[in-house]
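In: Here's my sequence, what's the structure:
(chains A and B)
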Number of protein chains: 2
Amino acid sequence: MNYCSHCGSPVHLSIPAGDNRERHVCNQCGMIHYQNPRIIAGCLPVHGDRILLCKRAIEPRYGYWTLPAGYMENGESTEEAALRETLEEACARVELRHLYTLTSIIHVNQVQLIYLADLPEARFGSSEETLESRLFREDEIPWDQLAFTTIRNALRFYFSDRATAEPAFPLRHIALSPEQDELVLIR
Amino acid sequence: MNYCSHCGSPVHLSIPAGDNRERHVCNQCGMIHYQNPRIIAGCLPVHGDRILLCKRAIEPRYGYWTLPAGYMENGESTEEAALRETLEEACARVELRHLYTLTSIIHVNQVQLIYLADLPEARFGSSEETLESRLFREDEIPWDQLAFTTIRNALRFYFSDRATAEPAFPLRHIALSPEQDELVLIR
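Out: Next up, the predicted model:
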């Protein structure tokens, strides 16, 4: 950030009165410009014993597999965002069960929410953001071609929970730091 | 938003290629400026049979009671944000149990996360944002002087859950629209 989005004058970094962090403050009009984490909402679509994954048609991680998910927009709920992203990326209509993972991805200032969801009909497709969508059984998951640590985590939790006597799929609450992210990527 | 925060030129509203929403786009450098919901993180601090509330020293809702909560910052997890806000606003050190309410407040582009928390010692105070902190038993809660619908909801859920035979305090997942917000405020 170099300029004030309100009046167009240059900004500088300083700690406003009553605050304890550096913010971008306008030299001219004094407006304080806060920057905050963004929410990624998506889902883990289940169809029988298979999971729907999308092959990314965009960077980062072009060509790698992911769960349908993307930035939450103003004017919608987290559930609406998850449903919209699934429809946009995978052309799939799902029914959300409940929130399954909440991950603070600290080094990129994101909070990712993944809902466990049912895909009633095996209808899905490609899109501007997705080269291909496909259903995978557990033994078919391309573990070394998954786009993000958070996606790998969600799938691991799912198959682990599903294998229990009475699967409850409890909410998993995770904070990823760069070190942990690296660690999990290497494994 | 009137000016590009990158180059300082005027912006206009248009739908970028591959997008389906109007964004602020720079006339000069072409940068697209996205606006997304912000996260509010806080907690419901329990000390024995009492709850810690804070009387607001800032607008909006100056003088009304609230749970300690505020904007999540870049570079922290949702839990860290909840702990920090509780320390900053109520001068209280709490131990988080688990996520208790997730509310999409659609008309103000916020997602509020409230954690159920234990306040081991009855130590708390005032701050720049808080006129006074106080512990309230259920029959002392100032229901008509609560700052926000989300706070009223969280307290209602808590006392309702606490009254059950084996309190589990499950995650409540809520989407508030302006109409619902008004409705609950009137009641």
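In: how deep is A:Leu135 tucked in, by neighbour count?
Out: A count of nearby residues for A:Leu135, using other Cβ atoms under 10 Å in any protein chain shown, gives 17. For the C-beta atoms, the positions are set from N, CA and C on the backbone; glycine is no exception.
In: which residue ranges form the strands in chain A?
Out: A:11-14, A:23-26, A:32-33, A:38-47, A:50-56, A:65-66, A:69-71, A:95-105, A:110-118, A:130-136, A:172-176 (DSSP state E).
In: and the ones you listed as JSON lines, adding mean pLDDT and distance to A:Thr149?
Out: Formatted as JSON lines, the strands of chain A follow (pLDDT from 0 to 100; distance: least, Cβ to Cβ, whole Å):
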{"stretch": "strand A:11-14", "mean pLDDT": "96", "distance to A:Thr149": "31"}
{"stretch": "strand A:23-26", "mean pLDDT": "96", "distance to A:Thr149": "30"}
{"stretch": "strand A:32-33", "mean pLDDT": "96", "distance to A:Thr149": "30"}
{"stretch": "strand A:38-47", "mean pLDDT": "98", "distance to A:Thr149": "13"}
{"stretch": "strand A:50-56", "mean pLDDT": "98", "distance to A:Thr149": "15"}
{"stretch": "strand A:65-66", "mean pLDDT": "98", "distance to A:Thr149": "11"}
{"stretch": "strand A:69-71", "mean pLDDT": "97", "distance to A:Thr149": "13"}
{"stretch": "strand A:95-105", "mean pLDDT": "97", "distance to A:Thr149": "8"}
{"stretch": "strand A:110-118", "mean pLDDT": "98", "distance to A:Thr149": "10"}
{"stretch": "strand A:130-136", "mean pLDDT": "98", "distance to A:Thr149": "18"}
{"stretch": "strand A:172-176", "mean pLDDT": "94", "distance to A:Thr149": "6"}
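In: Pop the domain breakdown of chain A in here.
Out: For chain A, the structural domains run A:1-35, A:38-185, going by automatic domain parsing.
In: The shortest one near chain B anywhere?
Out: Yes. Shown here: domain A:1-35 in contact with chain B (Cβ under 8 Å from any Cβ of the partner chain) through A:1-11, A:18, A:21, A:33-35.
In: which one in those residues is the model shakiest on?
Out: Looking at those, model confidence by pLDDT dips furthest at A:Gly18: 83.
In: Would you mind finding the most buried of the domains of chain A?
Out: domain A:38-185 (a mean of 18; mean count of other Cβ atoms under 10 Å in any protein chain shown).
In: pLDDT wise, what is the residue lying farthest from the centre of chain A at?
Out: Relative to the mean C-alpha coordinate of chain A, counting by Cα atoms, centre = their mean, the farthest residue is A:Gln28 (37.1 Å). The per-residue pLDDT reported for A:Gln28 equals 94.
In: mind listing what the nearest residue to it once chain neighbours are set aside touches?
Out: In space, and not counting its chain neighbours, A:Gln28 is closest to A:Ser9: 3.5 Å by Cβ to Cβ, 6 or more residues apart in numbering or on different chains. For A:Ser9, the contact set (Cβ atoms under 8 Å, 6 or more residues apart in numbering or on different chains) comprises A:3, A:26-29, B:8.
In: Which two of those residues have the greatest separation?
Out: Across the contacts of A:Ser9, no pair lies farther apart than A:Cys29 and B:Gly8, at 13.3 Å, counting by Cβ to Cβ.
In: Is A:Gly75 in contact with B:Ser104, as I believe?
Out: No. Applying Cβ atoms under 8 Å as the test, A:Gly75 and B:Ser104 come out as separate, 10.1 Å apart.
In: Against A:Ser126, how distant is the residue lying closest to A:Phe159 once chain neighbours are set aside?
Out: If the residues on either side of it in the chain are set aside, A:Phe159 comes closest to A:Glu138, at 5.2 Å by Cβ to Cβ, 6+ apart. According to Cβ to Cβ, to the nearest Å, A:Glu138 and A:Ser126 sit 24 Å apart.
In: try A:Ile58
Out: Distance of A:Ile58 to A:Ser126, given as Cβ to Cβ: 12 Å.
In: Repeat that for A:Ile32.
Out: 43 Å.
In: Then A:Cys7?
Out: Distance from A:Cys7 to A:Ser126, by Cβ to Cβ: 44 Å.
In: before we move on, what about A:Leu83?
Out: Per Cβ to Cβ, A:Leu83 is found 19 Å from A:Ser126.
In: got it, and A:Gly70?
Out: A:Gly70 is 15 Å from A:Ser126, by Cβ to Cβ.
In: go on, A:Leu116?
Out: For A:Leu116, the distance to A:Ser126 equals 24 Å [Cβ to Cβ].
In: Please apply the same query to A:Pro68.
Out: Distance, A:Pro68 to A:Ser126, using Cβ to Cβ: 12 Å.
In: Please apply the same query to A:Arg162.
Out: Between A:Arg162 and A:Ser126 the distance is 27 Å, computed by Cβ to Cβ.
In: do A:His12 as well
Out: Separation of A:His12 from A:Ser126 (Cβ to Cβ): 46 Å.
In: Skip the chain neighbours and tell me the closest residue to A:Gly125.
Out: A:Cys91 (3.7 Å).
In: Identify the residues contacting the one you found.
Out: Contacts of A:Cys91 (Cβ under 8 Å, 6+ apart): A:123-127, A:133.
In: Same question for A:Leu171.
Out: Here A:Leu171 is in contact with A:98-102, B:98-99, B:171 (criterion: Cβ under 8 Å, 6+ apart).
In: Turn those residues into JSON lines, columns for distance to B:Arg152.
Out: Formatted as JSON lines, these follow (distance: Cβ to Cβ, whole Å):
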{"residue": "A:His98", "distance to B:Arg152": "23"}
{"residue": "A:Leu99", "distance to B:Arg152": "22"}
{"residue": "A:Tyr100", "distance to B:Arg152": "28"}
{"residue": "A:Thr101", "distance to B:Arg152": "28"}
{"residue": "A:Leu102", "distance to B:Arg152": "23"}
{"residue": "B:His98", "distance to B:Arg152": "21"}
{"residue": "B:Leu99", "distance to B:Arg152": "18"}
{"residue": "B:Leu171", "distance to B:Arg152": "18"}
